[in-house]
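A.B. asks: need a structure here:
(2 chains)
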Amino acid sequence: MDDTKRYERLLNRFRDGDISRRTFLTALGAAGVTAGITGGPMGMLARKAMAATPEQVRFDGWGGVVSEAFEKYAFAPYTEKTGIDVVSGTFGGADEYIARVKASQPGEFNLAHLSGVFDYARYHGLELTSELNEANIPNLKNVIPTLIDPLRKITGGTLSAVPYDYGTTGIAYNRKYISDDEAKAKGAKLMVDEAYKGKIGGWGEWKTRIWYGALQSDQDPNGIKDIDAVWDMIRAHRDLALKYWSSGAELMSLLAEEEIYVTEGWSGRIKALQDQGHDIGYLDPAGGLGWQECLFVLRGSPMAACEELLNFMLEPEVAIAVAEGQSYPPALDPQKIELGDTIPTLPAFDPSGTLASLSFFDPAYWNENEADWSKTFSRVQRGY
Amino acid sequence: MAADAAGARRTPWMLLSPSLATISLLLIVPMLFIVVYSFWLRTATGADQVGFYFDNWIEVLGDRFYRDILFQTLLIAFYTTVICALVGYIPAYFVANTRMKSKAFLLLLLMLPFWISYIIRTMSWINILGTSGALNTLFLSMGIIDDPIQMLYNQQTVVLGLVHYLLPFMILNVYVSLDGIDKNLTEAAKSLGCTGFQAFREVTLPLSMPGLAAGSLLCFVLAAGTYITPIVLGGPRDAMFANLVFEAIVTQLNWPLGSALSLVLLALLGALVVIYTRYLGIDQIAKSFK
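C.D. replies: Just a heads-up that it's a prediction; the model follows:
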């Protein structure tokens, strides 16, 4: 028996006179206290009630120009058409957001601009996925199938999110000190080159560190045979690095101020630096890391309202405006949709729409090792 | 009569009940939840496995990694506290003894840093100490150095950031203590033959120790519990114990382990406060200099 039925039965018993008003309210109050402290049926009921007739849906994203584009091109027309407000929130990182969601009641958070495919699998593991009615999202047909398939595979053929954009985490280097030829010749090993000791950076995130550790130890990141060799490479990088950065803004600042000469970096952020006039080179090495971001609908959300909003956000006009704002190509298939003049100039853009040249995290493999590797990385980072 | 006595016994509890309820709800109940969480386990998916397991405690108490980081944290907190005490005493002394009319203004200046976000204040050091920062730019323009000096992202800058953050707490505590000292005592010491420095050493310093001790305790506890400063100003290896709590809870979604870690830190810092109060309490310190 689910919580709704349990509640309805309690209500019917009260209406039928089987229980007194006092007993009914006591039972509700006790459930409320339980829900307030531990989460549970009352909380879910409250959210389900909210989901049935939503006056608003909550969207969480990375803020900045992306949120502004969403607000202008998607949220405003959506609210005008449906009368449903979009409450826009921001988060600093995927880990921070999932911790917030884990602490919330279902329905408290609705949509989010998340990293796929790894995080999609994490949310599924935490039973936070929903099931989209794809018939309500006609614009989904314009999305690159290569980006949809991995999500579908995780959730057994259904979708809890739609892919929205993609990019790479490649090697960024200051051309004043490192030539394009040198970067190309050394590839991922540029970041463990002793010649640049104290001028090397890196993202302090365990997955990226391990991915690049695998490349530096000549292994397939999605099939690591010798994890000790990877940890050794991470240690070597740690000892040469000045700083592990933790945000895109910090990455840009470190490179722009010449605190570091080389680091891995997010393609869109490096493009932004180049547009600002900084002579920063960008290279996706062999086996370089690709990723996608998706618009995720969390369990307990008002599905029809969320699906309609997703369809708005996948309108080419909206997706292209957001893509240009954040310098990441949209998930729209260039073979089906005309993407304009700017998108094809963005780093990582694949005109074929197959994304065959990019490597992505294998979610099953990485999730299987997540608990062990994330903990070990924390130790290795601190000198172990 | 009996009813009156019972009513009289109840009155203090009734008066205290709002405070007790607030403390219970906001402090004791959340703390109990953290204790309960610490005995749960994290499953492979990141969900929590409810139960009564000692695994987290065995790991936290038995693993050298956590002990080392805890020791490093206490060391950084100690350095910070000592520097705050040395650096903070001088302005506190000046403000307490100034005859300027603008004493209130000086006190306002002490409070001024609290109006700016701690994170912003911490990040300001990047603009001061960075390769393209103010100091390097100045030294380069003066010809003192040929290449920028790498000053950022090490343990020293973490301590510097913490001192910057905590100095006002120290100054205010010492100031309050100094301000309460009867000025006639130093005058009396001088009239009995003490030099100015001797009067300070024999009278002012001992009497200001309660403030210095209170400021030190506050600085130490706050420094040991911070995690933002190492993130912003530290290098790859620089971490404090609170960073491990943050990583366990946010990055690894391991709330049970994070709860156990946070309780260890809480217990340690709580023990320090208890020891301080029991053996080095303000009264004890004051008495020891009598």
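A.B. asks: got the residues of the stretch 51-200 of chain B near chain A?
C.D. replies: B:65, B:69, B:126, B:130, B:131, B:132, B:150, B:152, B:153 (CB under 8 Å from any CB of the partner chain). Yep, even glycine has a C-beta here, placed from its N, CA and C like the rest.
A.B. asks: now those residues as TSV including pLDDT?
C.D. replies: Formatted as TSV, these follow (pLDDT from 0 to 100):
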residue	pLDDT
B:65	95
B:69	96
B:126	94
B:130	93
B:131	91
B:132	89
B:150	92
B:152	93
B:153	95
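A.B. asks: tell me the two of those that are most distant?
C.D. replies: B:65 and B:132 (36.1 Å; CB to CB).
A.B. asks: next to chain B, which bits of chain A? Give me the list.
C.D. replies: So far as CB under 8 Å from any CB goes, chain A lies against chain B at A:37, A:95-96, A:98-99, A:102, A:122, A:125-127, A:198, A:202, A:204, A:206, A:238, A:241-244, A:246, A:253, A:257-259, A:367-368, A:370-371, A:374-375, A:378-379, A:381-384.
A.B. asks: ok, residue B:171 - contacts?
C.D. replies: Contacts here follow CB atoms under 8 Å, 6 or more residues apart in numbering or on different chains; on that basis residue B:171 touches B:88, B:91, B:92, B:95, B:110, B:215.
A.B. asks: pick out the residue of chain A closest to chain B.
C.D. replies: Across chain A, the shortest distance to chain B (CB to the nearest CB) belongs to residue A:125, at 3.2 Å.
A.B. asks: okay, that residue: pLDDT?
C.D. replies: pLDDT for residue A:125: 89.
A.B. asks: below-threshold pLDDT in the stretch 251-384 of chain A: ranges please.
C.D. replies: Under the criterion pLDDT under 70, no range of the stretch 251-384 of chain A is flagged.
A.B. asks: so residue A:69 makes contact with residue A:321?
C.D. replies: Yes - counting by CB atoms under 8 Å, residue A:69 touches residue A:321, with 4.7 Å between them.
A.B. asks: now a PyMOL select for only the buried ones of the residues of the stretch 51-200 of chain B next to chain A.
C.D. replies: In PyMOL syntax, the buried subset of these is picked out as below (16 or more other CB atoms under 10 Å in any protein chain shown):
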select buried, chain B and resi 65+69+126+130+131+152+153
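A.B. asks: contacting residues around residue A:124?
C.D. replies: A:154, A:155, A:160.
A.B. asks: among these, which are located in helices?
C.D. replies: With DSSP state H as the criterion, helices contain residue A:154 from among these.
A.B. asks: out of the contacts of residue A:124, who's the most crowded?
C.D. replies: With neighbours defined as other CB atoms under 10 Å in any protein chain shown, the most crowded of the contacts of residue A:124 is residue A:154; it has 24 neighbours.
A.B. asks: roughly how far apart are that residue and residue A:126?
C.D. replies: Distance of residue A:154 to residue A:126, given as CB to CB, to the nearest Å: 13 Å.
A.B. asks: then residue A:272?
C.D. replies: 33 Å.
A.B. asks: and for residue A:205?
C.D. replies: For residue A:205, the distance to residue A:126 - CB to CB - is 19 Å.
A.B. asks: again, but for residue A:93
C.D. replies: 17 Å.
A.B. asks: more neighbours: which of those two?
C.D. replies: residue A:126 (18 against 15).
A.B. asks: show me the strands in chain B, by range?
C.D. replies: B:41-42, B:48-49 (DSSP state E).
A.B. asks: which one of these lies closest to chain A?
C.D. replies: Across those, closest to chain A is strand B:41-42 (CB to the nearest CB), at 7.0 Å.
A.B. asks: does the closest one reach chain A?
C.D. replies: Yes - counting by CB under 8 Å from any CB, chain A has neighbours in strand B:41-42: residue B:42.
A.B. asks: give me the sheet partners of that strand and which way each runs.
C.D. replies: Sheet pairing of strand B:41-42 (DSSP bridges) gives strand B:48-49 (antiparallel).
A.B. asks: state the mean pLDDT of the partner strand.
C.D. replies: 90.
A.B. asks: let me see the domain layout of chain A.
C.D. replies: A:3-51, A:53-166+A:291-363, A:167-289+A:367-381 (automatic domain parsing).
A.B. asks: could you dump these into JSON lines with distance to residue B:259 added?
C.D. replies: Rendered in JSON lines, the data for these read as follows (distance: least, CB to CB, whole Å):
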{"stretch": "domain A:3-51", "distance to residue B:259": "15"}
{"stretch": "domain A:53-166+A:291-363", "distance to residue B:259": "13"}
{"stretch": "domain A:167-289+A:367-381", "distance to residue B:259": "15"}
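A.B. asks: residues touching residue A:255, list them.
C.D. replies: Applying CB under 8 Å, 6+ apart, the residues contacting residue A:255 are A:172, A:174, A:201, A:263, A:265, A:270, A:273, A:278, A:280.
A.B. asks: sorry, slip of the keys, the one I care about is residue A:267.
C.D. replies: So, once contact is read as CB under 8 Å, 6+ apart, residue A:267 ends up touching A:167, A:168, A:169, A:170, A:282, A:284, A:327, A:328, A:346, A:347, A:348.
A.B. asks: for it, phi and psi?
C.D. replies: phi -50, psi -40 (degrees, to the nearest 10).
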